[in-house]
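Engineer: The following block contains a protein sequence and its predicted model.
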Amino acid sequence: MSLRSLLRHRVMLAFGAVLVVAACVISSNTHGESQPTSAPTVVRAPMKVHMFDGSIVVFTQGGTIGGGQVAGNGLRYEPTLKSATATAMVPLDSVVGVETYDRTVNQGRTFLYSTVATAATLVGALAAAVAIFGSCPTIYADSAGTSVLQAESFSYSIAPLLEKRDVDRLNVVSDASGVVRVEVRNEALESHYIDQLELLEVRHASDELVLPAARAGIVAVRGATRPAAIRDRAGRDLRDVLATADDRAFATDSSTLAGAARGDNSEDFIDIVVPKERGRDSIAVVLRARSSLLTTMLFYDQMLAGQGASALDYVGYDLQHVTKVAQLARWYVSHLGLRVSVLTNGGRDEQQIVRLVDFGPAAWRDVAAIVPAPADGDSVHIRLTFLADEFRIDRVLVSTDMRAVEPRSILVSRVLDGDDSPRPDVRDLLQKADDRRLQTWPGQRFIAEYDVGRETPGMKRTYFIAAQGYYVEWMRGSWLTANPSPKPFTPWSAPVAPILQRWLQTRDSLEATFFRQRVPIV
């Protein structure tokens, strides 16, 4: 990587960040309008402070944030990353964002591998009206000469202890030489740490739909059709809306959401009725869904912006401990996710089968949930339950004809950086889940190529991207001015109604702007 390319990336990143902050969607919180705190907040976690001029100030022992500045024993790296000078303070109004990091990571290697992609900077992305808008690594593939969003990987892995493997179905075919190409982008103000990027291949009959199944690996289903009946809590008939993948998606009825915002039952549900078939003891519920921006607002408003500088220690220090991660998991299970249950005894009894969680706000996710068919009755009654308006659902199908399949694993063959230069060092990092991670910064991208072999006549192939890693959100400079709570930060436990009230007032404009301008809520 040339020094000129690296310099161009850092300077354009800084300039592009100014444009992003100026053009971003603003959620209904007012944390960024708070006055600086009178007493600085002590941050124990090591910090990287990204500046508008392209430089990075590293505080390896943490520091203090308050009075309009970040202070501590720091080293300021120039945009070229070739030299560093001691720095004791940087003003908050010059800060793009602050991220925490692991002290055990070799700092020189972190900077080196962060330069994997230099061409797709924030400025270039904004000029092309493509990104910045995502959350977590976004996966693209070519479709008739156009890059099409395919997946968002490890959407909820916000710290190293929450690192996980995420499997997403791709709508992609190999080229004439037997190569599958995907583009991986960092389209948010986050640092991504990617441990492995594996391609999975399933060969199957042309009339089978193959997709990941919660807790059941990958399954192939036949004859998936719309349910005999499907209604939401408001009583709306959803059979036509959810029959096909056409972006005509379900959202919670306004009356249901208004009631939840007033403090009534905060949950919505979709009830599905499927006639039983002799000899079939299980049903595959096939979903195409994504999160609404409600979960993004919860994450930003409550876990980050609402906590001020103390959120840095929560992400960079507390979430390094199993007890804190368990606390967060309990909070998540009690508030979020899509529960798939079977109703029995005339709907009076409900047995939860699985909870689905791996949905991002940008890409549609195709997934199956396998539910048992109870012995009694001539129909199976299935309920999908979730926080009101948490999801957008594009399609719901059911099938009783399914089989488990074993995919073929294909390791990444080549990696090309943003200048289309081969990067064998990066390829080696991504081939195995071995704790040697690739770090990417906002605006960066790379191409991963997989040698899958030529197509076989009469046999269909479906591909999946299996990504393992985690990400660290950058705390915006404006968030750090919020007055922190005097109590240690714990996952949000206040009533959900006020958040739903703010969401009800802003959801239409937020989602319209998000998908039209493709910029983040900050």
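Structural biologist: Thanks, I have the structure now. Residues are numbered from 1 along each chain as shown.

Engineer: Show me the strands in the stretch 251-400 of the chain, by range?
Structural biologist: Across the stretch 251-400 of the chain, reading from the start of the chain, the strands by DSSP state E, counting those that start in this stretch fall at 267-275, 282-291, 338-344, 349-356, 365-372, 379-387, 391-399.

Engineer: Within its sheet, name the partner strands of the longest one and how each one runs.
Structural biologist: Paired neighbours of strand 282-291 in the sheet (DSSP bridges): strand 365-372 (antiparallel), strand 391-399 (antiparallel).

Engineer: Please work out which of those strands is packed deepest.
Structural biologist: strand 391-399 (a mean of 23; mean count of other CB atoms under 10 Å). For glycine as for every other residue, the C-beta is placed from the backbone atoms N, C-alpha and C.

Engineer: so for that one, what's the average pLDDT?
Structural biologist: Taken as a whole, strand 391-399 has an average pLDDT of 97.

Engineer: contacting residues around that strand?
Structural biologist: When contacts are taken as CB atoms under 8 Å, 6 or more residues apart in numbering, the neighbours of strand 391-399 outside the stretch itself are 221-227, 230, 238, 242-251, 270, 272, 274, 283-292, 338, 359, 364, 384.

Engineer: chain center to the helix or strand following that strand, what's the gap?
Structural biologist: Beyond strand 391-399 in the direction of the C-terminus, DSSP states H and E gives the next helix or strand as strand 401-405. A distance of 28 Å separates the centroid of the chain from that of strand 401-405, by CA atoms, centre = their mean, to the nearest Å.

Engineer: Any chance of the strands paired with strand 282-291 in CSV with distance to residue 156 as columns?
Structural biologist: Rendered in CSV, the data for those read as follows (distance: least, CB to CB, whole Å):
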stretch, distance to residue 156
strand 365-372, 13
strand 391-399, 14
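
Engineer: Which one, of those strands, ends up nearest to residue 413?
Structural biologist: For residue 413, the closest of the strands paired with strand 282-291 is strand 365-372, at 25.5 Å, according to CB to CB.

Engineer: Report the rounded mean pLDDT for that closest one.
Structural biologist: For strand 365-372, mean pLDDT is 96.

Engineer: what's next to it, contact-wise?
Structural biologist: By CB under 8 Å, 6+ apart, the residues outside strand 365-372 that reach it are 151-152, 168-169, 211-214, 216, 219, 221, 281-290, 340, 342, 353-354, 356, 358-359, 380, 382, 402.

Engineer: C-alpha coordinates for that strand, CSV please?
Structural biologist: Provided in CSV are the C-alpha atoms of strand 365-372 (Å, rounded to 0.1, in the frame of the first residue of the first chain):
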residue,chain,number,x,y,z
ARG,A,365,-32.7,-11.8,6.1
ASP,A,366,-34.1,-15.2,4.9
VAL,A,367,-34.4,-17.7,7.7
ALA,A,368,-36.4,-20.7,8.8
ALA,A,369,-37.8,-21.7,12.2
ILE,A,370,-38.7,-25.4,12.6
VAL,A,371,-41.7,-26.0,15.0
PRO,A,372,-43.2,-29.3,16.1
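
Engineer: residue boundaries of the strands in the stretch 1-150 of the chain?
Structural biologist: Per DSSP E, counting those that start in this stretch, the stretch 1-150 of the chain carries strands over the ranges 41-43, 47-51, 56-59, 63-66, 69-77, 84-91, 95-100, 138-143, 146-152.

Engineer: right, so of those, which gets closest to residue 476?
Structural biologist: For the strands of the stretch 1-150 of the chain, distance to residue 476 was read as CB to CB. The smallest value, 5.5 Å, belongs to strand 95-100.

Engineer: of the strands paired with strand 282-291, which approaches residue 47 most closely?
Structural biologist: Within the strands paired with strand 282-291, the stretch nearest residue 47 is strand 365-372; the backing value is 33.0 Å (CB to CB).

Engineer: in the protein, which spans are helices?
Structural biologist: Remark: helices of the chain, listed N- to C-terminal, are 3-23, 107-113, 122-127, 254-261, 294-298, 310-316, 322-335, 424-431, 497-517; assignment by DSSP state H.

Engineer: Give the other helices and strands that the shortest one contacts.
Structural biologist: This points to helix 294-298. In terms of contacts (3 or more CB pairs under 8 Å, 6 or more residues apart in numbering; DSSP states H and E), helix 294-298 is packed against helix 497-517.

Engineer: Go through the helix it packs on and flag the buried ones.
Structural biologist: Going by neighbour count (16 or more other CB atoms under 10 Å), the buried part of helix 497-517 is 499-504, 506-507, 510-511, 513-514.

Engineer: For residue 439, state which of the residues you listed is nearest.
Structural biologist: Residue 439 has its nearest neighbour among those in residue 514, at 26.0 Å by CB to CB.

Engineer: So the closest one is in contact with residue 293, correct?
Structural biologist: Yes. Proximity of residue 514 to residue 293 meets the contact threshold set by CB atoms under 8 Å, at 6.1 Å.

Engineer: low-scoring pLDDT stretches of the chain, where are they?
Structural biologist: 1-38, 103-135, 302, 484-494, 516-522 (pLDDT under 70).

Engineer: contacting residues for residue 235?
Structural biologist: The contact partners of residue 235, taken as CB under 8 Å, 6+ apart, number zero.

Engineer: Show the backbone phi and psi for it.
Structural biologist: Residue 235 has phi and psi values of phi 90, psi 10 when expressed as degrees, to the nearest 10.

Engineer: try residue 458
Structural biologist: phi 80, psi 0.

Engineer: For burial, what's the neighbour tally of it?
Structural biologist: 7 (other CB atoms under 10 Å).

Engineer: List the contacts of it.
Structural biologist: Residues touching residue 458, when contacts are defined by CB under 8 Å, 6+ apart, comprise residue 206.

Engineer: I'd assumed residue 387 was in contact with residue 252.
Structural biologist: No. Applying CB under 8 Å as the test, residue 252 and residue 387 come out as separate, 9.0 Å apart.

Engineer: neighbour-wise, which of these two wins?
Structural biologist: residue 252 (28 against 22).

Engineer: The strands of the stretch 251-400 of the chain into CSV, with extra columns for distance to residue 308?
Structural biologist: Listed next are the strands of the stretch 251-400 of the chain as CSV, based on distance: least, CB to CB, whole Å:
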stretch, distance to residue 308
strand 267-275, 31
strand 282-291, 25
strand 338-344, 31
strand 349-356, 31
strand 365-372, 33
strand 379-387, 25
strand 391-399, 30
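
Engineer: nearest to residue 71, of those strands?
Structural biologist: Across the strands of the stretch 251-400 of the chain, the minimum distance to residue 71, taken as CB to CB, is reached by strand 282-291, at 37.3 Å.

Engineer: which one of the strands paired with strand 282-291 lies closest to residue 444?
Structural biologist: That would be strand 365-372 among the strands paired with strand 282-291, by CB to CB, at 23.6 Å.

Engineer: relative to strand 146-152, how tilted is the closest one?
Structural biologist: 40 degrees (axes from the mean of the first three to the mean of the last three CA atoms, to 10 degrees).
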